[in-house]
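J.: Structure of the sequence below:
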Amino acid sequence: MSFWDTSALVKLYARERDSDRFVELARKSETRATISQFSIHEMRCLLHRKEFARAIPADAAELAYRKFYAHVEDAVLKIIPYGPEVALEFDRVVRICYRASPVVPIRALDGLLLASALIARISELVSTDLRMRAAAVLLGLRIFPG
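T.: Okay, the predicted model is just below:
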């Protein structure tokens, strides 16, 4: 089972130069992609940011978000809810990242996403975010794409 960071997940809903690679990765998976409850909100912001930057066509953000949210509602994506377990694991993730040598300066939301993956006992992370990938390796997760 793989946990999908929003940096990779967005490629399934908004066309990017490397989207085909991620669509194929999702298609070949034997299990549903897993995301954090926070990813639902991050996806909306990310899509609108891409539209603002003209990386996707005008009005594409809402269309892509509707498709994504339909997948959330239809349980195409597995959602890890935020709760006390995630909060405790987040504290551990932050300590590990900032005590590492070299330090992995993880952002709060990335820490919450990684904590969600870890409490769900997921061993693989799909991400294109370099900081997130560095933290994942530090935490013992396999990262994709390799």
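J.: Assign Ala75 to helix, strand or coil.
T.: With DSSP: H, G, I helix; E, B strand; the rest coil as the basis, Ala75 sits in coil.
J.: nearest spatial neighbour of it, skipping sequence neighbours?
T.: Arg32 (7.6 Å; C-beta to C-beta, 6 or more residues apart in numbering). Using the backbone N, CA and C atoms, a C-beta is placed for each residue, glycine as well.
J.: Quick check: the residue of the chain positioned farthest from its centre vs Arg107, distance?
T.: Distance from the centre of the chain peaks at Ser101, with 24.6 Å (C-alpha atoms, centre = their mean). To Arg107, Ser101 is 19 Å away according to C-beta to C-beta, to the nearest Å.
J.: Helix or strand with the lowest mean pLDDT in this structure?
T.: Of all helical and strand segments in the chain, the minimum by mean pLDDT, DSSP states H and E falls on helix 19-28, at a mean of 94.
J.: From the rest of the structure, what touches the helix or strand following that helix?
T.: Sequence order places strand 34-36 as the next helix or strand after helix 19-28, per DSSP states H and E. Contact partners of strand 34-36, identified using C-beta atoms under 8 Å, 6 or more residues apart in numbering, comprise 1-4, 6, 9, 77-80, 82, 86, 112-113, 116-117, 120, 122.
J.: ok, of those residues, which come out buried?
T.: 2-4, 6, 9, 77-80, 86, 112-113, 116-117, 120, 122 (16 or more other C-beta atoms under 10 Å).
J.: What ranges in this protein fall below the confidence cut-off?
T.: Counting by pLDDT under 70, the chain contains no low-confidence residues.
J.: same thing but 90
T.: The chain contains residues with pLDDT under 90 at 1, 29-32, 145-146.
J.: Show me where it has its strands.
T.: Counting by DSSP state E, the chain has strands at residues 2-4, 34-36, 78-80, 124-126, 142-144.
J.: can you list those in a markdown table and add distance to Ala58?
T.: Shown next, in a markdown table, are the strands of the chain (distance: least, C-beta to C-beta, whole Å):
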| stretch | distance to Ala58 |
| --- | --- |
| strand 2-4 | 26 |
| strand 34-36 | 26 |
| strand 78-80 | 29 |
| strand 124-126 | 28 |
| strand 142-144 | 32 |
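J.: List just the one of those strands that sits closest to Tyr65.
T.: Smallest distance to Tyr65 across these (C-beta to C-beta): 13.8 Å, for strand 34-36.
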